[in-house]
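> Next come a sequence and a model predicted from it.
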Amino acid sequence: MAGLNYVLEDGKLPFAVETHIEAEHAVLGSMLIDSSCVGVVMAEANENDFSDELRPIFIAFRELYFAKEVVDPVAVLNKVGIAGMHYQRLLLDLMQVTPTAANVNIYLKIMKEQSLVRRAGAMGFELMSAHSLEEAHGMVDELNKLFCGRQNVKIVSFTQGIADFYTRHDGTKAPEYLRWGFPSLNKILTAEDGDFIILGGYPSAGKTVLALEFAWQMANFGKKRVGVFSLETKDSKLYDRLLSRAAGVPFDEIKHNTITDDSWKSVAELGSLAESIKLDVIKAAGMTANDIRAIALSQHYDIVIIDYLQLISSGSRYKGNRTEEVAGISMALHTFAQDSEVTVIALSQLTRPDKTVKSTAPTMSSLRESGQLEQDADIIMLLYLINEEVPDGDRRLKIAKNKDGPRGYITLGFEPKLMRFAQVSSRPDELPKKERSRFSELPDGDVQETLEVFNKTEGGSA
């Protein structure tokens, strides 16, 4: 981007560039006037925030600071080395134009903001010269990353942490967690903005149907803006399933195009609510994690559901190493969730157990290329059939990882007629002994503490 000409036809610089240069001068001048400002600037700024002429001065400051050497105008001038007389005059000018070093944080904020504007403008010039759609798409992706990246470092002191704790927990406002549509999950999973959640399942276990149930509950009842990124199933098929569940239209009627008048009435009633339900399905075949992030941020989604993670493209970076490829995707989604405070729910395939193993109950290690997924996820849920010989039978949803709460199981009954799940009561003694959890659903919806075997067999929940 260096070397781009920002001068307009009237010979003037754009306002943003003029403001940025003034802020740069003030930031550097503050460090020259008061060396205690150097640490503040080093924690917030980087060399890309400075213009070509002033960048060597910032780098000189940085090298002196990290070498724990004396930082003063003489040392900086000596470090710059080249064009001595020019930089000697420049350093004097910087000190003279800086009103006071006490406002260094204000100068930094202005410089960081205008640095983004300046770099975005440079990318705009490059975008205008793109020779192909692919090249332009790459530039747009870089532009999005520029604005989505970390703009500053947030440091919270212990004093501030206690003050914030009082504000969060003073009892004036109940915490808002995701609504899953199932009583036990609503109680046990205290999922918040920015969590990275994995929903794993064997093929045909019902991952997609369950994910659509989550999407419907969160969009309709939780009033969240939800984006479902489908890398496998056509959007029309997803909406067939979704409308069967939401409008109560028998799925057979939809599949055979024999929708009755009563069913059409139900669809019409649902349609009257459509504007208030913020739920989108995105055809995402071939998308990368950055593509998903760019679309999610542009559409302001609160929840992103991805079906499914192993189909996300990683480009050519990890060609030939599937484990590294999935690990890179997992880390990208985890970072996206944390940085943007968007909750990401990624579906994942499970590796079927060896046929010689009696139990088909999955564990976290059943996740394909599981290592990084286990580490990154805040919550991991695993869905599987209780009886493999009954395809439409009850499922068990296993909470295999829950950073902020207990782990265990709930039992879900599948209603293929309406493409939906419903929670059913499950007594702990109905589970195989080694699969008994620390909680089970009782008829009145309460959570009952039971056996500790689950923790002993699979380790802690963190």
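Nice, I can see it.
> Every contact and neighbour count from this point should use C-alpha atoms.
Will do.
> which helices and strands sit right next to the longest helix along the chain?
Ranked by residue count under DSSP state H, the longest helix found in the chain is helix 104-128. Applying 3 or more C-alpha pairs under 8 Å, 6 or more residues apart in numbering; DSSP states H and E, we find helix 104-128 packed against helix 15-33, helix 37-44, helix 133-148.
> and that helix, which residues are buried?
Residues 104-105, 107-112, 114-123, 127 are the ones in helix 104-128 that count as buried (16 or more other C-alpha atoms under 10 Å).
> and the direction of it versus that of helix 37-44, what angle?
Helix 104-128 runs at 40 degrees relative to helix 37-44, counting by axes from the mean of the first three to the mean of the last three C-alpha atoms, to 10 degrees.
> quick one: residue 283 from residue 274, how far?
For residue 283, the distance to residue 274 equals 20 Å [C-alpha to C-alpha, to the nearest Å].
> Counting neighbours, go ahead and name the busier of the two.
residue 283 (15 against 12; other C-alpha atoms under 10 Å).
> so what's the backbone phi/psi at the more buried one?
Main-chain dihedrals, residue 283, degrees, to the nearest 10: phi -70, psi 110.
> List the contacts of the closest residue to it other than its chain neighbours.
Leaving aside its chain neighbours, residue 283 sits nearest to residue 230 (5.4 Å; criterion: C-alpha to C-alpha, 6 or more residues apart in numbering). The contact partners of residue 230, by C-alpha atoms under 8 Å, 6 or more residues apart in numbering, come to 281, 282, 283, 284, 285, 306, 307, 308.
> Could you do residue 105 as well?
Residues in contact with residue 105 (C-alpha under 8 Å, 6+ apart) are residue 40.
> Which pLDDT value belongs to it?
As predicted, residue 105 sits at a pLDDT of 87.
> and the one residue sitting closest to the centre of the chain, helix, strand or coil?
By C-alpha atoms, centre = their mean, the chain has its centre lying nearest to residue 337, at 1.7 Å. Per DSSP: H, G, I helix; E, B strand; the rest coil, the local secondary structure of residue 337 is helix.
> what's the spacing between it and residue 195?
Distance from residue 337 to residue 195, by C-alpha to C-alpha: 6 Å.
> any idea of the mean pLDDT in stretch 34-53?
On average, the pLDDT along stretch 34-53 is 84.
> With stretch 302-321 instead?
Rounded mean pLDDT across stretch 302-321 is 79.
> List the contacts of that stretch.
Contact with stretch 302-321 is made by 193, 208, 211, 215, 224-232, 285-289, 296, 324-326, 328-329, 341-349, as judged by C-alpha under 8 Å, 6+ apart.
> Just the buried subset of these, please.
The neighbour-count test (16+ other C-alpha under 10 Å) marks 193, 208, 211, 215, 224-231, 285, 287-289, 296, 324-326, 328-329, 341-349 as buried among these.
> Now, those residues that are in helices?
Counting by DSSP H, the buried ones among the contacts of stretch 302-321 contribute 208, 211, 215, 289, 296, 324, 325, 326, 328, 329 to helices.
> Export those as a markdown table, with columns for pLDDT and distance to residue 43.
Below are those laid out as a markdown table (pLDDT from 0 to 100; distance: C-alpha to C-alpha, whole Å):
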| residue | pLDDT | distance to residue 43 |
| --- | --- | --- |
| 208 | 92 | 44 |
| 211 | 93 | 41 |
| 215 | 93 | 40 |
| 289 | 86 | 29 |
| 296 | 87 | 29 |
| 324 | 79 | 31 |
| 325 | 81 | 32 |
| 326 | 84 | 32 |
| 328 | 84 | 27 |
| 329 | 87 | 29 |
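> So which of those is the closest to residue 164?
residue 296 (29.0 Å; C-alpha to C-alpha).
> Distance check, the closest one against residue 180.
The gap separating residue 296 from residue 180 is 21 Å, by C-alpha to C-alpha.
> and what of residue 238?
As for residue 238, its distance to residue 180 is 19 Å (criterion: C-alpha to C-alpha).
> More neighbours: which of these two?
Between residue 238 and residue 180, residue 180 has the larger neighbour count (other C-alpha under 10 Å), namely 22 against 17.
> these two touch, right, that one and residue 217?
Yes. If you go by C-alpha atoms under 8 Å, residue 180 and residue 217 touch, sitting 6.1 Å apart.
> follow-up on the earlier one: what residues are shared contacts of residue 337 and residue 195?
Residues touching both residue 337 and residue 195 by C-alpha under 8 Å, 6+ apart: 343, 344.
> picking up where we left off before, could you export the ones in helices among the buried ones among the contacts of stretch 302-321 as CSV, including distance to residue 420?
Below are those laid out as CSV (distance: C-alpha to C-alpha, whole Å):
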residue, distance to residue 420
208, 10
211, 10
215, 12
289, 29
296, 26
324, 35
325, 33
326, 30
328, 33
329, 29
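> out of those residues, what pair is the most spread apart?
Using C-alpha to C-alpha, the pair of these lying farthest apart is 215 and 324, separated by 29.5 Å.
> show me where pLDDT drops low in the stretch 201-350 of the chain?
Counting by pLDDT under 70, the stretch 201-350 of the chain contains low-confidence ranges at 315-320.
> And the residue nearest to residue 54 when sequence neighbours are not counted, how far from residue 115?
Of all residues not flanking residue 54 in the chain, residue 24 sits nearest, at 7.8 Å (C-alpha to C-alpha, 6+ apart). Noted for residue 24: a distance of 9 Å to residue 115, by C-alpha to C-alpha.
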